[in-house]
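Peer 1: Give me a 3D structure for the following:
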Amino acid sequence: ATPGRSPVLRLPSAASVPGRLDGAQSAATLAEENELLRARVAELEERAESTEGLCELLDDGGGWTSSLRTRASWLLGLLVCQSASSLVLAENESL
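Peer 2: I've put the predicted structure just below:
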């Protein structure tokens, strides 16, 4: 594969797929489908590049201790939410 380009999607030949068109029509259909897939891959690669760096990195290479504070705060927040939801459910149990 060429660097910077995604590999070409290989589709089964027309002879191996029942119900497919033969000859030039099949080649044209496959070429059109291949072009649509290339456009979609380019769109997704662009989207992936534009979202890079938006998420917080939890593992910065410093081992498990470096991400302990971030993970613990998330877990504590989720525990509080779970406790609050159990209180709401207990109050509305009669419904």
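Peer 1: so where is this structure shaky, pLDDT-wise?
Peer 2: 1-24, 54-63 (pLDDT under 70).
Peer 1: Tell me which stretches of it form helices.
Peer 2: Taking DSSP state H as the test, the helices found in the chain are 23-50, 68-91.
Peer 1: now those as TSV including mean neighbour count?
Peer 2: Any C-beta I mention is one placed from the backbone N, CA and C, and that applies to glycine too. Output for the helices of the chain, formatted as TSV (neighbours: other C-beta atoms under 10 Å):
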stretch	mean neighbour count
helix 23-50	11
helix 68-91	10
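Peer 1: what sits against residue 69?
Peer 2: For residue 69, no contacting residues are found, by C-beta atoms under 8 Å, 6 or more residues apart in numbering.
Peer 1: Distance of it relative to residue 75?
Peer 2: 11 Å (C-beta to C-beta, to the nearest Å).
Peer 1: And for residue 89?
Peer 2: Taking C-beta to C-beta, one finds residue 89 at 21 Å from residue 75.
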